[in-house]
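K.L.:
A predicted structure for the sequence below; I have some questions about it.
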Amino acid sequence: MKSQVEEVRSSFEAEAAEVNSSASLQELKVRFLGKKGTLTALLKSLGSLSPEERPLAGEALNALRDELEQKIEQKKLKLIQAEDAAAEAGDRVDVTMPSRGRPAGAFHPVAQTMHEIVNIMQGLGYSVVQGPEVEEDYYNFECLNMPSWHPARDMQDTFYFPDEGGERKTLLRTHTSPTQIRAMLQYGAPLRIVCPGKVYRRDNDPTHSPMFNQLEGLLIEKEVSFSVLKGSLRELMNGFFGRELKNRFRASYFPFTEPSMELDIECVECGGENSGCRICKGTGWLEVCGMGMVHPSVVRAGGINPDEYNGFAFGMGLDRMAMLKYGINDLRYLFNGNVSYFLSGRDA
Ligand code: 2U9
């Protein structure tokens with residue numbers, strides 16, 4: 001495999017040196033990275049290697065793919081600049097030439113993800129509710145079993161607004177759950193809602209941003225069982241990823257649900273077949289969603305009688321779901337406004 005990697009690299013270098021226009025660059029890209037491209041064929045052949053050979057070979061091929069993508073992008077920029085300069089230097093102006101079209105716009109991958117999940121949930125009878133991003137401490141924490149002394153507040157290091165001496169402290173919401181409390185108070189039971197939106201936490205590292213996008217769901221009806229929750233989430237994940245995925249539910253803890261669980265799905269990148277997989281870290285599983293039966297005191301805080309109604313809630317990070325579905329391997333791509341990564345596509 002090592003020699004094949006070297007062969008592909010050197011033939012790419014040789015062919016790239018001959019490229020002198022955006023059109024021939026695109027052809028080069030298709031030859032190496034397209035669906036039937038040389039490198040793509042090697043990546044596909046990984047499955048036929050032995051489990052001992054596969055991780056190293058996979059790593060080398062992924063690194064080569066990243067390298068080729070980067071070189072193509074660099075070359076593309078240079079060619080476009082050169083072509084623009086040549087066009088400007090030309091002394092004849094063809095006034096009949098149609099203007100250079102603008103690329104059609106597209107949804108941001110996170111917005112796209114949000115729409116896809118909302119569509120699936122609407123199919124299951126859920127409505128969309130939105131709420132304020134500047135929230136009251138009461139709705140964000142108190143109603144959700146997190147009084148001021150509760151240690152769970154430390155997990156959501158919060159942006160508080162300066163205390164202006166008013167009765168209610170305000171903050172940037174740390175989750176969309178307060179919107180669901182507001183909806184319970186406004187609409188009562190029964191209720192099926194999803195709440196997508198921006199949330200804010202004091203997190204800033206390569207895998208966390210101080211603002212991220214969440215989608216939470218809430219169902220309040222009579223005699224709701226945990227199995228309905230499990231079935232609904234399996235439906236959502238299979239619908240979102242477009243195929244039947246292995247799944248497992250693990251016991252967990254959230255102050256606002258009891259009992260609580262987390263859902264793992266099989267790794268969408270390697271299906272558990274690659275011990276060196278960058279996405280699942282070789283575990284074969286991806287954590288995608290937290291959930292549980294809504295705690296009776298949270299149901300009561302929403303103005304609904306917990307002796308009459310019960311239900312479940314779940315929550316997930318939309319940024320993470322977008323990255324998993326669209327193979328985006330760095331959170332920063334979602335925020336830096338550089339569309340070339342998305343326009344070039346990973347499978348063009
Ligand atoms: C009400 C009652 C309960 C929403 C829930 C989770 C579990 C959860 C995390 C997923 C990744 C947040 O974005 S994340 O960091 N969320 O695990 N969320 S249950 O529970 C609610 C919501 C509203 C009234």
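P.N.:
Ah, there it is.

K.L.:
quick one: pLDDT of the closest residue to the ligand within the stretch 201-348 of the chain?
P.N.:
Residue nearest to the ligand within the stretch 201-348 of the chain (Cβ to the nearest ligand atom): residue 290, separated by 1.7 Å. Using the backbone N, CA and C atoms, a C-beta is placed for each residue, glycine as well. Listed pLDDT for residue 290 reads 98.

K.L.:
Quick one: list the elements packing against the one helix or strand it maps to.
P.N.:
Element membership for residue 290, per DSSP states H and E: strand 285-294. Applying 3 or more Cβ pairs under 8 Å, 6 or more residues apart in numbering; DSSP states H and E, we find strand 285-294 packed against helix 226-241, strand 247-254, strand 257-266, strand 310-317, helix 318-326.

K.L.:
Tell me the first helix or strand C-terminal of it.
P.N.:
helix 296-301.

K.L.:
Can you point out the buried residues in that next one?
P.N.:
298-299, 301 (16 or more other Cβ atoms under 10 Å).

K.L.:
which residues of the protein score low on pLDDT?
P.N.:
90-92, 165-167, 342-348 (pLDDT under 70).

K.L.:
Where do the helices of it begin and end?
P.N.:
With helices called from DSSP state H, the chain shows them at 2-18, 22-33, 38-44, 54-89, 109-123, 137-140, 177-187, 226-241, 296-301, 318-326, 340-344.

K.L.:
out of the ones you listed, nearest to the ligand?
P.N.:
helix 177-187 (3.6 Å).

K.L.:
relative to strand 285-294, how tilted is that closest one?
P.N.:
Angle of helix 177-187 versus strand 285-294, following axes from the mean of the first three to the mean of the last three Cα atoms, to 10 degrees, is 30 degrees.

K.L.:
which helices and strands sit right next to helix 177-187?
P.N.:
Counting by 3+ Cβ pairs under 8 Å, 6+ apart, helix 177-187 packs on helix 137-140, strand 191-200, strand 211-221, helix 296-301, strand 310-317.

K.L.:
Let's see that with 6 Å instead.
P.N.:
Counting contacts by 3 or more Cβ pairs under 6 Å, 6 or more residues apart in numbering; DSSP states H and E, helix 177-187 is packed against helix 137-140, strand 191-200.

K.L.:
In it, which residues are buried?
P.N.:
By neighbour count on 16+ other Cβ under 10 Å, the buried set for helix 177-187 is 177-184, 187.

K.L.:
and residue 103, what does it touch?
P.N.:
For residue 103, no contacting residues are found, by Cβ atoms under 6 Å, 6 or more residues apart in numbering.

K.L.:
Would you mind measuring from it to residue 340?
P.N.:
Relative to residue 340, residue 103 is positioned 10 Å away (Cβ to Cβ, to the nearest Å).

K.L.:
ok, now residue 172?
P.N.:
Residue 172 is 31 Å from residue 340, by Cβ to Cβ.

K.L.:
which of the two has more neighbours?
P.N.:
Shown here are residue 172 and residue 340; by other Cβ atoms under 10 Å, residue 172 has more neighbours (20 against 9).

K.L.:
Which strand residues bridge that one?
P.N.:
Counting by DSSP bridges, residue 172 forms beta bridges with residue 134.

K.L.:
Was I right to think it contacts residue 200?
P.N.:
Yes - Residue 172 lies in contact with residue 200 (Cβ atoms under 6 Å); the separation is 3.7 Å.

K.L.:
any residues in contact with both of the two?
P.N.:
Shared contacts of residue 172 and residue 200, defined by Cβ under 6 Å, 6+ apart, comprise residue 159.

K.L.:
so which of the buried residues of helix 177-187 also contact the ligand?
P.N.:
177, 180-181 (Cβ under 6 Å from any ligand atom).

K.L.:
Kindly reformat these as a markdown table containing distance to residue 325.
P.N.:
Listed next are these as a markdown table, based on distance: Cβ to Cβ, whole Å:
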| residue | distance to residue 325 |
| --- | --- |
| 177 | 24 |
| 180 | 25 |
| 181 | 30 |
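
K.L.:
out of those residues, who's nearest residue 208?
P.N.:
residue 177 (18.8 Å; Cβ to Cβ).
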